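> any chance you can model this:
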Amino acid sequence: MPAFDASTQERSRRAAAWFEALRDRFVVAFEALEDEAPDELYAGPPGRFELTPWAREGGGGGVMGMLRGRFFEKCGLHVSRVHGQFTPEMAAAMPGVGEDRRFVATGVSLIAHMASPRVPAVHMNTRYLATSAGWFGGGADLTPLMAEQRGEDSPDAALFHAALKRACDAHDGAWHERYKAECDRYFFLPHRGEPRGVGGIFFDRHDSGDFERDLAFARDVGEAVLDVFPQIARHRMSEPWTPADREEQLVRRGRYVEFNLLYDRGTMFGLKTGGNIESILSSMPPMVKWP
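Reported below is the predicted structural model:
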């Protein structure tokens, strides 16, 4: 690990411990959804996560988690804690990085694509990064695939936004409006002039000046998604779908691919810092179509 002062190292360790604990709870919750999926709609045995440790050549590593089941067509759930030196190009884009280009970064990321077109895709990540300064980033967003579910006033979107608002409001009444607006700006495809989904919250370089407060906020964001998404999934998982619904799902997934490969900062960060390629690109849907 870089020779940061002891407090920076301890903050990174504590953040990583929380990210791992949250990962373990998502494993339990999502495997339960696999068990509950009705046999008449979902063929085959319930899936289970496969957890695979990996090491980064430049320092650190993580655990890649993959679930390929009957309800979750593909779900990536990863934790990492890496350290090293930024390239001059990346250092120029990072606040607080001067001649000393050392960094430590830790995070948890979740991306789930369901077999049912009726159940939205979900994404969540929270991370802590330290150079000469430290900050949190991340957020969560929901991507319905059916046209009638893609409005912000849809029941799923309303439930999702309410959960994230509670997480924000527990710490600062202004954060939800700010980070919801940032999410809408971020998860937007300029070349198509449309959003990727119905949004959520997105924050980057979040540093209130109080590490304990910011870690608690990151915890509450993760807790919110852990609570609300299974509610949405259980509500939708028994709804039947048609071949036309599946076709719409596959076409809409193309928007997901376009965003992640063209604009996603996390994808770029992972690729440029020598992260695990398989976990970085696990956000890609297992099947997709372009008309």
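
> helix or strand right after the longest helix anywhere in the chain?
Secondary structure of the chain per DSSP state H: the longest helix is helix 6-36. Next along the chain after helix 6-36, taking DSSP states H and E as the criterion, comes strand 50-55.

> gap between that next one and the chain center?
Per CA atoms, centre = their mean, to the nearest Å, the displacement of strand 50-55 from the mean C-alpha position of its chain is 18 Å.

> quick one: list the elements packing against the longest helix of the chain.
On a contact count with 3 or more CB pairs under 8 Å, 6 or more residues apart in numbering; DSSP states H and E, helix 6-36 meets strand 60-67, strand 72-85, strand 102-114, strand 121-130, strand 134-143, helix 211-236. Backbone N, C-alpha and C define where each C-beta goes, glycine included.

> repeat the analysis, applying 6 Å as the threshold.
If you count contacts as 3 or more CB pairs under 6 Å, 6 or more residues apart in numbering; DSSP states H and E, helix 6-36 packs onto strand 72-85, strand 102-114, helix 211-236.

> want to throw those into a markdown table with mean neighbour count, mean pLDDT and distance to G134?
Formatted as a markdown table, these follow (neighbours: other CB atoms under 10 Å; pLDDT from 0 to 100; distance: least, CB to CB, whole Å):
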| stretch | mean neighbour count | mean pLDDT | distance to G134 |
| --- | --- | --- | --- |
| strand 72-85 | 23 | 93 | 13 |
| strand 102-114 | 24 | 94 | 9 |
| helix 211-236 | 19 | 98 | 7 |
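
> of those, give the one that comes closest to Y128.
Set against Y128 and scored by CB to CB, those come closest in strand 102-114, at 5.4 Å.

> and the angle from that closest one to helix 6-36?
On the basis of axes from the mean of the first three to the mean of the last three CA atoms, to 10 degrees, strand 102-114 is oriented at 10 degrees to helix 6-36.

> show me what strand 102-114 is packed against.
Judged by 3+ CB pairs under 6 Å, 6+ apart, strand 102-114 is in contact with helix 6-36, strand 72-85, strand 121-130.

> what strands line up against that strand, and which way round?
Strands adjacent to strand 102-114 in the sheet, as given by DSSP bridges, are strand 72-85 (antiparallel), strand 121-130 (antiparallel).

> the bottom helix or strand of the protein by mean pLDDT?
helix 88-93 (a mean of 70; mean pLDDT, DSSP states H and E).

> sorry, back to before: residues of the longest helix of the chain that come out buried?
Neighbour-count burial for helix 6-36, counted by 16 or more other CB atoms under 10 Å, picks out 8-9, 11-12, 15-16, 18-19, 22-23, 26-27, 30-31, 33-34.

> next SSE after whichever strand or helix holds R185?
In this structure, R185 sits in helix 175-186 according to DSSP H and E. For helix 175-186, the following helix or strand on the C-terminal side (DSSP H and E) is strand 188-189.

> mind giving me the packing neighbours of that next one?
Using 3+ CB pairs under 6 Å, 6+ apart: strand 188-189 touches no other helix or strand.

> okay, now the sheet partners of it, with direction.
According to DSSP bridges, strand 188-189 has these partners: strand 194-195 (antiparallel).

> got the contact list for the strand it pairs with?
F188 (CB atoms under 6 Å, 6 or more residues apart in numbering).

> leaving out chain neighbours, which residue sits closest to T143?
The spatial neighbour of T143 that comes closest, neighbours along the chain excluded (CB to CB, 6 or more residues apart in numbering), is G197 at 3.3 Å.

> helix/strand/coil for that neighbour?
coil (DSSP: H, G, I helix; E, B strand; the rest coil).

> ok, the one 4 residues further on next?
Secondary structure state of I201, per three-state DSSP, is strand.

> how many neighbours does it have?
By the criterion of other CB atoms under 10 Å, I201 has 28 neighbours.

> next one: the nearest residue to it once chain neighbours are set aside from G61, what distance?
Excluding the flanking residues, the one nearest I201 by CB to CB, 6+ apart is Y179, at 3.9 Å. Y179 sits at a distance of 30 Å from G61 (criterion: CB to CB, to the nearest Å).
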